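Student: Just to be clear, the model below is a prediction. Sequence and coordinates:
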Amino acid sequence: MHSYLIYLRDRLILCRELLADTGSIFVQIGDENLHHIIELMDEVFGEENRCSIIAFKKMSGLGTFGVGNVLDFLVWYAKSKDKTKIHELKEPKLEAEHVGVFYDHVELSNGERRRFLRTEFQSGPAPDAKVFQGSVLYSEGSTQTGQLEIELEGQRFAVPRNAHWKTNSTGLQRLLAAGRVFLKGNTPRYVRYLDDYLCYPLTNVWTDTGFGGFVGDQSKIYVVQTSSLVIARCLLMTTDPGDLVLDPTCGSGTTAYVAEQWRRRWITIDTSRVALALARQRLLTARFDYYKLKDEARGVAGGFVCKTVPHITLRSIAQNVALDAIFAKHQPVLDEKLKALNDALRLVTPELRQRLRAKLLEKEKRKGKKALTDADRRRWLLPAAGGASPSPLHGERAGVRGGPGTNDEPLTLPLSPKGAREAPSAGASGKCRLIPTRTGRRRCRRRCGRIGLRGGRRWTRSTPASPPMPSRTSWWTSRRSCAAWCVSAARSRWKR
């Protein structure tokens, strides 16, 4: 080991003298001697010039002890880190890796936004649907200009404590008008679509270099042969077309092959005539793709034409002044359509609202509460005249609002099991009491004859004239339904 390090140290010193001020050096090594190479290169190039330690997956990996060894490492140093030439590489986002994991919400063609269904995690969303994620809309730290309230879906939200919105009031208004804010639980979130940025910056962990070992139709012939994709990324990150690349260990000539492919000048060295003959044959018989040039007069020195992708961020929307003219143009049309819808809602009778609510209850009874979507609630729970949303029952979060026997204004009933909340009643006949029994049941003391299990499994009734009740529901939901069944007044007093 000592002789190997001395051998390597002499060559690293020579490479440092040959490097340009903007140049970089990569040394490939396994995990056995990685720490020795880092110490040696810290001595030659300086610890302050260490750029990164890149781990990449290789072809084979089964070892004789413990887990399989599937990683090799690239130790990346620069002659002068402040002057080194670095190009940020991008990788395309793979839907199989991001959809359903990081991007777990979907926007349908009708404008509905919801989380992924259980079946969509396997089969994927509809072709015309847009996948997005809910990003945080505030940053840490309290500021005077960031303590604002925003109004979303008829509710007002303030920024959490010790935090501030990521943009000012004007930017928040643009985000709201562009439909880039949605309500996730009780927190406003920024809508980040998957196609807002179809790539992501390359990191120092490369896991896509190990499928068969190489890219395309190449195969691994020699034991120490390196993947062409690994060498290509090193060249593209640190060089420009026309730059000179040196490989002091030629081997099979992979570095020279990749440098020729990306129009870099190259020099390769080896002490074996066999290695040089193999590299010469490989280069003479290779076929390379043709790339479009940015400046044909300068040739490859002018660079290549690269693929461009959109990059939409929260800042680009919040600071886009051109959106104000678009909003001002379409807002009168939206106000006119909204006024027509509100006028039509005033003609809806309470009987029609009750029938629509009954359909929603029927679907909840047949398919369960989780099967109800926002589209179902918008279709069957009509808002009040004037555009206000239908108010849910007190304590109800995502369930059905109202129930059979309720009027147009939903009945407000307590839902917390900690105790009773009293409200003015319409008289003694309007009282309904559920008292505990020795069997752990709850019985309605009024003449409805309803008895419900504490665990909320099934309700039974003794009077033939009573309306049907849900067969399987929670105890508190059943208590609320019992009140809607047996109480005729708008307000009731409940006692446990």
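Tutor: Yep, it's here.
Student: Now do the contacts for the residue nearest to Lys292 when sequence neighbours are not counted.
Tutor: Leaving aside its chain neighbours, Lys292 sits nearest to Val305 (4.1 Å; criterion: Cβ to Cβ, 6 or more residues apart in numbering). For the C-beta atoms, the positions are set from N, CA and C on the backbone; glycine is no exception. Val305 sits next to Tyr291, Lys292, Leu293, Lys294 when contact means Cβ atoms under 8 Å, 6 or more residues apart in numbering.
Student: Would you tell me which helix is longest in this structure?
Tutor: Longest helix in the chain by number of residues, with DSSP state H as the criterion: helix 322-345.
Student: Run the chain-centre distance for that one.
Tutor: Chain-centre distance of helix 322-345: 31 Å, with Cα atoms, centre = their mean, to the nearest Å.
Student: Can you tell me which of the contacts of Val305 is closest to Lys166?
Tutor: Of all these, Lys166 sits closest to Lys294, with 35.5 Å by Cβ to Cβ.
Student: The closest one - how many residues pack around it?
Tutor: Using other Cβ atoms under 10 Å, Lys294 has 14 neighbouring residues.
Student: for the one 3 residues further on, same thing?
Tutor: A total of 7 residues lie near Ala297 under the criterion other Cβ under 10 Å.
Student: Using the three-state scheme, assign it.
Tutor: Here Ala297 is coil, with the state taken from DSSP: H, G, I helix; E, B strand; the rest coil.
Student: again, but for Thr170
Tutor: Thr170 - assigned by three-state DSSP - is helix.
Student: And the longest helix of the chain, what's buried?
Tutor: Along helix 322-345, these residues count as buried under the neighbour rule (16 or more other Cβ atoms under 10 Å): Leu323, Leu345.
Student: do the same with stretch 182-196
Tutor: Buried, per 16+ other Cβ under 10 Å, within stretch 182-196: Phe182, Pro188, Arg189, Tyr190, Val191, Arg192, Tyr193, Leu194, Asp196.
Student: now stretch 154-161
Tutor: Phe157, Val159.
Student: Same question for stretch 302-322.
Tutor: Result for stretch 302-322 [16+ other Cβ under 10 Å]: buried residues Gly303, Leu314, Ile317, Ala318.
Student: Dump the C-alpha coordinates for it into CSV.
Tutor: This file holds the C-alpha atoms of stretch 302-322, laid out as CSV (Å, rounded to 0.1, in the frame of the first residue of the first chain):
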residue,chain,number,x,y,z
GLY,A,302,-19.3,27.7,-30.2
GLY,A,303,-21.2,25.0,-28.3
PHE,A,304,-24.1,22.7,-29.1
VAL,A,305,-27.9,23.4,-29.3
CYS,A,306,-29.3,21.8,-26.2
LYS,A,307,-32.9,20.9,-25.4
THR,A,308,-34.8,23.4,-23.4
VAL,A,309,-37.6,22.8,-20.8
PRO,A,310,-40.0,25.2,-19.1
HIS,A,311,-39.1,26.3,-15.6
ILE,A,312,-42.1,27.8,-13.8
THR,A,313,-41.6,28.8,-10.2
LEU,A,314,-43.6,30.6,-7.5
ARG,A,315,-41.4,33.7,-8.0
SER,A,316,-41.9,33.8,-11.8
ILE,A,317,-45.7,33.9,-11.2
ALA,A,318,-45.8,36.2,-8.3
GLN,A,319,-43.6,38.8,-10.0
ASN,A,320,-45.1,38.5,-13.5
VAL,A,321,-46.7,41.9,-14.1
ALA,A,322,-48.1,40.7,-17.5
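Student: Can you give the distance of it from its chain's centre?
Tutor: 20 Å.
Student: What of stretch 253-271?
Tutor: 40 Å.
Student: what's the first-to-last distance across that stretch?
Tutor: 13 Å (Cα to Cα, to the nearest Å).
Student: which other residues reach that stretch?
Tutor: Residues outside stretch 253-271 that contact it (Cβ under 8 Å, 6+ apart): 225-226, 228, 231-232, 235-236, 239, 241-251, 275-276, 278-280, 282-283, 286, 288-289, 291, 300.
Student: pLDDT of it, averaged?
Tutor: For stretch 253-271, mean pLDDT is 91.
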